[in-house]
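Student: Output the structure for:
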Amino acid sequence: MSRCRMLAIATFFLVICSWCFYAIANTSSSEHQIQLVNDQLYLLKDKSSNLNPQNAFQAYQRNEFKKNTENKVSFGFTQSTIWAVLPFENASQIAVQNVIKIDNAWLDNIDLYFFSAGALVSQVSIGDNVPFSRRLRQERMPSAAFEFPSGTSHVLFRFRSEDPMTIPIYLGSERAMLSAFAENAYFYGALYGGLLILLIYNLALFFYIRELRYLLYPIYLMAFTAFNFTYTGHGFWLVWSGSVTMQQWMMPGLMFCYLFSAVLFTIGFLNTRTFLPTLYGYRHLIYVSLLIIAGLIFLSGNRSLIIMIQLIMLTSLSVWMVVVGCMALKNKDPIAKFFIPAIIMGTGGATFSSFATWGIIPYSQWAFRGIEVGMLLEMSLLSISLGFNFKLAQEARIRAESNALHDPLTNLYNRRAFSKLLSPSWELGKRNNTPMSIMLMDLDWFKRINDQFGHAAGDCVLEGVAKIIKSRIRDSDIALRWGGEEFLIFLPTTSINQAKQLAEELRTQIEQISFNKVGSVTISIGVVSATPDQIDLDKLITLADEALYSAKEQGRNTVKVINEPKLSANL
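Tutor: Next up is the predicted model:
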């Protein structure tokens with residue numbers, strides 16, 4: 001999975017860098033640039049919405065329009081009709097072809113009226129209420145081309161929409177518009193490519209791990225991508241270009257899906273069950289409440305109200321997600337340290353876009369894309385955090401497996417590890433026909449030690465003996481705590497004489513050690529050896545146990561070996 005993660009990150013940054021180089025190259029040529037002309041507009045808000053184009057243009061000629069000196073782009077939610085006039089001066093003697101683009105894909109009604117010498121010469125409707133089949137220019141963002149004659153011309157705009165009234169107007173040549181279109185294609189190619197990589201990577205994690213949070217993240221990611229695909233105009237342009245109704249209702253519908261998935265993701269992604277049990281206990285109430293609110297506002301049928309409430313909910317949601325993340329971090333949830341900066345990035349990008357839209361900071365396409373850049377950074381960091389969580393889970397699993405196979409007191413393998421560890425070596429010895437030896441060891445009079453000095457002293461003796469065993473055996477040997485005071489050592493490729501020599505050395509060394517309070521202790525050892533083709537492993541252990549029993553009967557503190565004749569007799 002680490003290779004997959006590295007490949008995903010490398011591919012993502014390759015796409016981003018490719019787009020950046022293209023954007024830099026594109027910026028170097030001023031003739032390819034389109035111009036934001038909102039500061040050249042003259043504006044009029046028609047609250048009654050009863051003006052017609054001729055009356056509106058006459059009002060402009062009477063200086064009833066106000067110059068947009070503040071370069072205002074957004075008018076928020078308004079029931080008024082917004083009229084705008086863009087004067088265009090063509091100082092040459094020949095007509096000039098230019099394209100006007102409104103860089104907003106969600107406005108319902110956009111009408112353009114072209115006046116030359118005070119007379120209306122052309123008009124075009126390009127808002128969301130006009131399907132692409134009826135548009136002269138079938139581009140993602142509404143646009144219109146006009147050949148401006150020599151002298152002064154005027155473009156009169158009429159905007160009306162139930163969505164937020166944001167009207168960034170760009171002017172440029174056909175070549176400049178194509179250049180801007182290519183730049184946008186690179187940007188959204190990088191955006192959706194990066195999101196697709198993150199989606200595939202985390203779906204693979206989910207199918208590998210089968211843990212809910214690894215599914216909630218792709219759902220959250222897909223909800224944002226679908227919402228973004230709609231409000232950027234890609235959906236209407238590429239998928240439902242003939243359905244005006246779908247275009248108008250997909251955005252509020254997918255906005256709620258994104259909002260709901262964000263709540264699901266926050267509660268499921270953070271370890272709320274462990275670190276925020278109260279929130280986890282109320283999760284079903286939160287989900288039901290959101291569904292009820294959605295049902296009520298959608299039943300109203302007022303799209304403007306629906307979007308306004310959901311925007312308020314999205315803003316509140318961002319704050320709520322950060323607060324929940326901080327509470328989880330305070331309660332020592334390790335994944336919260338990734339969650340908080342990720343959400344702040346997404347929220348920061350959205351805030352940046354909002355400030356640009358509302359005119360708090362200068363409007364530009366880059367500023368308007370802040371939400372997308374921020375969300376891509378958020379999604380990337382959340383994906384990294386899931387990889388981090390996967391690593392933690394893997395380490396915890398490895399530790400658990402290791403703990404299950406180890407005796408916590410002596411740190412030797414326990415009896416549960418016997419088959420798992422010994423079988424491979426036994427099978428290898430069977431193929432190579434090499435001798436295998438087993439030593440079964442038992443501390444003498446260990447019960448007396450516990451009774452006389454206490455179990456703590458007995459544990460100290462067991463730890464000391466285990467350290468001596470580990471210091472004397474090879475890396476290929478396997479030492480286990482076989483029972484209470486019993487130890488088993490498996491010695492692959494070891495003859496009976498080699499095993500006997502090691503047993504005598506261990507017995508002598510243990511006898512010479514003095515333990516606090518207890519003093520010296522002794523040990524009895526049974527040794528047996530055979531090749532795997534002579535005997536099976538269980539029978540060899542039984543013989544080692546018999547050898548140990550014989551050593552105990554012969555007075556303890558001794559090594560008893562079952563030689564080959566004895567072994568043959570037991571076969």
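Student: Let me see the ranges of the helices in the stretch 351-500 of the chain.
Tutor: With DSSP state H, counting those that start in this stretch as the criterion, the stretch 351-500 of the chain has helices at 365-368, 370-405, 418-432, 446-453, 455-472, 496-512.
Student: which ones are touching the residue nearest to the spatial centre of the chain?
Tutor: In the chain, the C-alpha nearest the mean C-alpha coordinate belongs to residue 383, at 2.0 Å (C-alpha atoms, centre = their mean). Counting by C-beta atoms under 8 Å, 6 or more residues apart in numbering, residue 383 touches 8, 198, 201-202, 217. Every residue, glycine included, has its C-beta placed from N, CA and C.
Student: If residue 413 is in a bridge, with which residues?
Tutor: Counting by DSSP bridges, residue 413 forms beta bridges with residue 406, residue 480.
Student: From residue 547, how far off is it?
Tutor: 21 Å (C-beta to C-beta, to the nearest Å).
Student: Please apply the same query to residue 48.
Tutor: From residue 48 to residue 547 the distance is 108 Å (C-beta to C-beta).
Student: one step back: tell me which of the helices of the stretch 351-500 of the chain sits nearest to residue 59.
Tutor: helix 365-368 (30.1 Å; C-beta to C-beta).
Student: Tell me the buried residues in the closest one?
Tutor: Residues of helix 365-368 classed as buried: 365, 368 (neighbour count, 16 or more other C-beta atoms under 10 Å).
Student: which helices and strands sit right next to that helix?
Tutor: helix 336-358 (3 or more C-beta pairs under 8 Å, 6 or more residues apart in numbering; DSSP states H and E).
Student: Apply 10 Å and report the result again.
Tutor: helix 174-209, helix 336-358 (3 or more C-beta pairs under 10 Å, 6 or more residues apart in numbering; DSSP states H and E).
Student: surely residue 286 meets residue 268?
Tutor: No. Under the criterion of C-beta atoms under 10 Å, residue 286 is not in contact with residue 268, lying 12.0 Å apart.
Student: More neighbours: the two, which one.
Tutor: residue 268 (21 against 16; other C-beta atoms under 10 Å).
Student: And the more buried one, how far from residue 261?
Tutor: From residue 268 over to residue 261 the distance is 10 Å, taken as C-beta to C-beta.
Student: quick one: common contacting residues for the two?
Tutor: 216-217, 219-220 (C-beta atoms under 10 Å, 6 or more residues apart in numbering).
Student: how about the helices in the stretch 201-350 of the chain?
Tutor: Applying DSSP H, counting those that start in this stretch to the stretch 201-350 of the chain gives helices spanning 213-231, 234-238, 244-269, 272-275, 277-281, 283-300, 303-330, 336-358.
Student: Let me know the angle separating the last one from helix 244-269.
Tutor: Pointing back at helix 336-358 there. 150 degrees (axes from the mean of the first three to the mean of the last three C-alpha atoms, to 10 degrees).
Student: Now the strand or helix carrying residue 551: average pLDDT?
Tutor: Per DSSP states H and E: residue 551 is located in helix 537-553. In this model, helix 537-553 has an average pLDDT of 88.
Student: Show me what whatever helix or strand comes next after that helix is packed up against.
Tutor: Next in sequence after helix 537-553, counting helices and strands by DSSP H and E, comes strand 559-562. Helices and strands touching strand 559-562, by 3+ C-beta pairs under 10 Å, 6+ apart, are strand 436-443, helix 496-512, strand 523-530, helix 537-553.
Student: Quick one: closest of the ones you listed to residue 224.
Tutor: Per C-beta to C-beta, nearest to residue 224 of these: helix 537-553, 57.8 Å.
Student: Determine the set of other helices and strands touching the closest one.
Tutor: Applying 3+ C-beta pairs under 10 Å, 6+ apart, we find helix 537-553 packed against helix 418-432, strand 436-443, strand 486-491, strand 523-530, strand 559-562, helix 564-570.
Student: What distance do you get for the closest residue to residue 49 other than its chain neighbours to residue 48?
Tutor: Closest residue to residue 49 apart from its sequence neighbours, by C-beta to C-beta, 6 or more residues apart in numbering: residue 81 at 4.3 Å. Residue 81 is 8 Å from residue 48, where distance means C-beta to C-beta.
Student: I'd guess residue 110 is in a strand, am I close?
Tutor: Yes. Assessed with DSSP: H, G, I helix; E, B strand; the rest coil, residue 110 lies in a strand.
Student: ok, and the closest non-adjacent residue to it?
Tutor: residue 127 (3.9 Å).
Student: what sits against that neighbour?
Tutor: By C-beta under 10 Å, 6+ apart, the contact set of residue 127 is 102, 104-111, 135, 142, 158-161, 244.
Student: any idea of the mean pLDDT in stretch 113-131?
Tutor: Confidence over stretch 113-131 (mean pLDDT, whole number) is 92.
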